[in-house]
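K.L.:
Curious how this folds, go ahead:
(chains A and B)
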There are 2 protein chains.
Amino acid sequence: MTAPRLSLTFAMAPDVQERIFTPERMAAFAEVVDLAGVLTEFESDAARQVLAETEILVTGWGSPPVDEVTLAAAPRLRAILHAAGSVKHHVTSEVWDRGIQVSSAAAANAVPVAEYTAAMIVLANKRVLPIAGRYRAERRAFDVEQRFPGLGNFGKRIGIVGASKIGRNVIELLRPYAVEVVVYDPFLSVDDASDLGVEIVGLDELLATSDVVSVHAPSLPETHGMIDARGIGLMRPGTTLVNTARGELIDQEALTARVLGGDLFAILDVTTPWVLDADHPLFDHEHVLLTPHIAGSLGVELGRLADVALDETIRLARGLPLEYAVQADELSFTA
Amino acid sequence: MTAPRLSLTFAMAPDVQERIFTPERMAAFAEVVDLAGVLTEFESDAARQVLAETEILVTGWGSPPVDEVTLAAAPRLRAILHAAGSVKHHVTSEVWDRGIQVSSAAAANAVPVAEYTAAMIVLANKRVLPIAGRYRAERRAFDVEQRFPGLGNFGKRIGIVGASKIGRNVIELLRPYAVEVVVYDPFLSVDDASDLGVEIVGLDELLATSDVVSVHAPSLPETHGMIDARGIGLMRPGTTLVNTARGELIDQEALTARVLGGDLFAILDVTTPWVLDADHPLFDHEHVLLTPHIAGSLGVELGRLADVALDETIRLARGLPLEYAVQADELSFTA
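P.N.:
Below is the predicted model:
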């Protein structure tokens, strides 16, 4: 006699579902659970019929929040697996109250952001993109060492603001490099820092002594403006600021002023507003690389998120605990 | 009674010597050897007086080759430590004939090239630089996934042409990434490939199946044009070619034609000629990043080469074998 199979429902935009839950992945799901359907809303009669039998809900971009009304329609629901980053806007307090297990692919979502960041740190120290810009403009050889004194990675200091999942991934990716990593994070213990092979410093010291400052703090009321005009002012000429977190964490006006003054470099995947005005001077400055919020999971990287939901589903089907379980009390201090 | 100290001489351009052998490093040398002098030529009487007592010669950029005449003036010479990449143009056959030990910092010199390459591979799969170019041009949000279908690193295949020191370093740096690495190298054994965690494939298969192709073969008569027009033709639309080795390894005309046709991407630190004509179309194409031969050691990275020469000097002073000894027969198949 085999145990009854769990009933699983997807809730996300249909194009997201089709694109990341490929036929191969769907077949893998179908091996361990019964697939009840794909929902884009929780309110129609058809949706409520599906919810009535749903035991596992796989959510993603485009899923409505799982609120009290939805929960009332889903009496058998025991797990929500979020195939995306933060569950903050998808899960309401009633979910926790009912003891439903929640898992998120935030750890998997952190990977491409960390990859983007580590690559940018290495290129920033070497001044690769400003040199490429100059080369394109001048179309002749020039003395790069005279133009960019002290370029290179060997022995440089990297300041990581926030030992979040992404921050820790960046630290891991930098391990093979001959750089020194310092971290500011009020919640990082000395033991954890030692395991990570980094030194804990204050934010002022980090800003004043790092060759590259990379921001990986969550966006919370208390982190907005955490690198303010005074903090921007502490950075030495030649420092690169990398921001893949949120534009609001930084005083963008102060940053822009120093970049235009010629003595700071910036790599910004996020800004305030997230698309700058077309005439914003950061768009054209040779010491700046702007990307339109692409460091997170995109394209094939969404497959990694789907794989996490699949792995978690297999664990549930086997009666094992979730690997990426999220607790209600984590949400107040993470992204 | 202490053993007599070895006599060490530097032979390189004076600005190179001053810049990379900092006072701290010079003090470290002075602790273990007697410093005889810094030479820029081996022909004057003054130079020959220094050579007469020299036991260790630390060579670098700007050093004349150590030929028969020089060797005749340096009867006590027992080791040449090259604080740069290849010793090919600095060491003549007479050096080997006399049994002088030779060491090079080629392994250290490989590090920044590999770092540049690994960072570029990660950014290439994500289409970061073409997206940044589009963002600068359009100054508004656009659908990056529609514009660049399949972007991202997860599950991509990286083809490494040449398991040289640099090629192997790139492979090591890519270990934390969820990519598959295939290698073409006629001298790579199955055991070595297994240790590196890569699969050996033929060059045609590598070109036809990789998402990024990165060239790390030495520049030898038999490697010139190894990626010829036919090979360029094998690459799938969307493939990125990274070349940090030598322009001559690639049929640049065929590469340019496919880039201009819109279906190949390229990141080139080397070209033929090494500075392209000012009107060359690769300078302006959004799918191309050109850098002026900067992937190797520059700026602070030269300190790593000096550290190798220092470490080797300490080993000689202690009677230990060199760590980066070069053998005469290696030079025929390495860079």
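K.L.:
Give the burial count for A:Lys270, as a bare number.
P.N.:
For residue A:270 the amino acid is Val, not Lys. Neighbourhood size, A:Val270 [other CB atoms under 10 Å in any protein chain shown]: 21. Heads up, the C-betas are built off the backbone N, CA and C, glycines and all.
K.L.:
Mind giving me the packing neighbours of the helix or strand A:Val182 falls within?
P.N.:
Using DSSP states H and E, the element containing A:Val182 is strand A:180-184. Counting contacts by 3 or more CB pairs under 8 Å, 6 or more residues apart in numbering or on different chains; DSSP states H and E, strand A:180-184 is packed against strand A:157-161, helix A:165-174, helix A:190-196, strand A:199-200, helix A:203-209.
K.L.:
7 Å instead, please
P.N.:
When contacts are defined as 3 or more CB pairs under 7 Å, 6 or more residues apart in numbering or on different chains; DSSP states H and E, strand A:180-184 packs onto strand A:157-161, helix A:203-209.
K.L.:
if we compare those, which one ends up closest to A:Arg318?
P.N.:
Of all the helices and strands packed on strand A:180-184, strand A:157-161 sits nearest to A:Arg318, with 36.8 Å by CB to CB.
K.L.:
Also compute the angle for that closest one relative to helix A:165-174, please.
P.N.:
Interaxial angle of strand A:157-161 relative to helix A:165-174 (axes from the mean of the first three to the mean of the last three CA atoms, to 10 degrees): 160 degrees.
K.L.:
can strand A:157-161 be found next to chain B?
P.N.:
No. Counting by CB under 7 Å from any CB of the partner chain, chain B has no neighbours in strand A:157-161; the shortest distance is 11.5 Å.
K.L.:
can you list contacts of that strand?
P.N.:
For strand A:157-161, the surrounding residues in contact (CB atoms under 7 Å, 6 or more residues apart in numbering or on different chains) are A:121, A:167, A:170-171, A:174, A:179-184, A:203, A:206-207, A:209-217.
K.L.:
about what we covered before: could the helices and strands packed on strand A:180-184 go into JSON lines alongside distance to B:Val242 and mean pLDDT?
P.N.:
Listed next are the helices and strands packed on strand A:180-184 as JSON lines, based on distance: least, CB to CB, whole Å; pLDDT from 0 to 100:
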{"stretch": "strand A:157-161", "distance to B:Val242": "24", "mean pLDDT": "98"}
{"stretch": "helix A:203-209", "distance to B:Val242": "33", "mean pLDDT": "98"}
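K.L.:
Okay, angle between the strand holding A:Val182 and strand A:157-161 too, please.
P.N.:
Using the same axes, to 10 degrees: strand A:180-184 against strand A:157-161 is 20 degrees.
K.L.:
Dump the C-alpha coordinates for strand A:180-184 into CSV.
P.N.:
Provided in CSV are the C-alpha atoms of strand A:180-184 (Å, rounded to 0.1, in the frame of the first residue of the first chain):
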residue,chain,number,x,y,z
GLU,A,180,40.8,41.4,2.3
VAL,A,181,37.1,41.4,3.1
VAL,A,182,35.7,43.5,5.9
VAL,A,183,32.0,43.4,6.9
TYR,A,184,29.6,45.8,8.6
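K.L.:
Tell me which strands it pairs with, and in which orientation.
P.N.:
Pairing partners of strand A:180-184, with direction, according to DSSP bridges: strand A:157-161 (parallel), strand A:199-200 (parallel).
K.L.:
those helices in the stretch 1-150 of chain A, which residues are they?
P.N.:
A:14-20, A:23-32, A:45-53, A:68-73, A:93-97, A:106-125, A:128-138, A:144-147 (DSSP state H, counting those that start in this stretch).
K.L.:
List the contacts of the first one.
P.N.:
I take that to be helix A:14-20. By CB under 7 Å, 6+ apart, helix A:14-20 touches A:Phe10, A:Val38, A:Thr40, A:Gly60, A:Trp61, A:Gly62, A:Leu302, A:Gly303, A:Leu305, A:Ala306.
K.L.:
Going by neighbour count, which residues in it are buried?
P.N.:
A:Val16, A:Gln17, A:Ile20 (16 or more other CB atoms under 10 Å in any protein chain shown).
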